[in-house]
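In: I'd like to go over a predicted model; first the sequence, then the structure.
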Amino acid sequence: MPRPKQFRKIVSPPIMTGFKPFGIPRTHLEELLLHYDEYEAVRLLDYEGLMQEQAAERMNVSRPTLTRIYESARKTIAKAFVEGKMIVIEGGNVDFGRQWYRCKKCFKLVDGVENHKPCKNCVSFGSDELTPLTPNP
């Protein structure tokens, strides 16, 4: 029996829920899933420029596991780029360290209900409902 997967630490979810190719209506696009841990691997290695050992430590995984996560992310991003598919960022076996929410109206990312300050659009439409971000194991 395989051992249970360890939760990957993520500092915070991405500010966006995904990406889509320019000039193609969303209704005509196929979706590809990029998990939160894959997003975090790309962020740490490519955006922050960390070494794999450092990134693996931050995510609470081994270096070989980080390499597998990163390879999977690169393949997903390359496929979306070459084939003109939409990327949806969600799910995965991750731990945010605290509860994050997204506003249903403006899609703003909020760190805890107590930190939610409705924007002008949310207040004028009376919608300050928050959806909890829950990774899917």
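Out: Ah, there it is.
In: what's the nearest residue to Asp37 if we skip its chain neighbours?
Out: Arg8 (4.1 Å; Cβ to Cβ, 6 or more residues apart in numbering). In short, each C-beta sits where N, CA and C put it, glycine included.
In: Mind listing the residues bridging to that neighbour?
Out: Under DSSP bridges, the beta-bridge partners of Arg8 are Val94.
In: Can you find the helix or strand in the chain with the smallest mean pLDDT?
Out: helix 120-124 (a mean of 64; mean pLDDT, DSSP states H and E).
In: Just the pLDDT for Thr67.
Out: pLDDT for Thr67: 97.
In: if you skip the residues just before and after it, what's nearest to it?
Out: Per Cβ to Cβ, 6+ apart, closest to Thr67 is Gln52, 6.6 Å.
In: show me the contacts for the one you found.
Out: Taking Cβ atoms under 8 Å, 6 or more residues apart in numbering, we find Gln52 in contact with 45, 63, 66-67, 70.
In: quick one, what contacts the spatially most central residue of the chain?
Out: Centroid check for the chain by Cα atoms, centre = their mean gives Tyr36 as the closest residue, at 3.6 Å. By Cβ under 8 Å, 6+ apart, the contact set of Tyr36 is 8, 10, 13-14, 89-92, 94, 135.
In: Nearest to Pro118 among the residues you listed?
Out: Distances from Pro118 to those, taken as Cβ to Cβ, are shortest for Pro13 (19.4 Å).
In: wait, doesn't the closest one sit right on Phe107?
Out: No: counting by Cβ atoms under 8 Å, Pro13 sits too far from Phe107 to count as a contact (11.5 Å).
In: Which one of the two is surrounded by more residues?
Out: Pro13 (21 against 11; other Cβ atoms under 10 Å).
In: so which strand or helix has the more buried one?
Out: Under the criterion DSSP states H and E, no helix or strand holds Pro13.
In: Nothing else from me, thank you.
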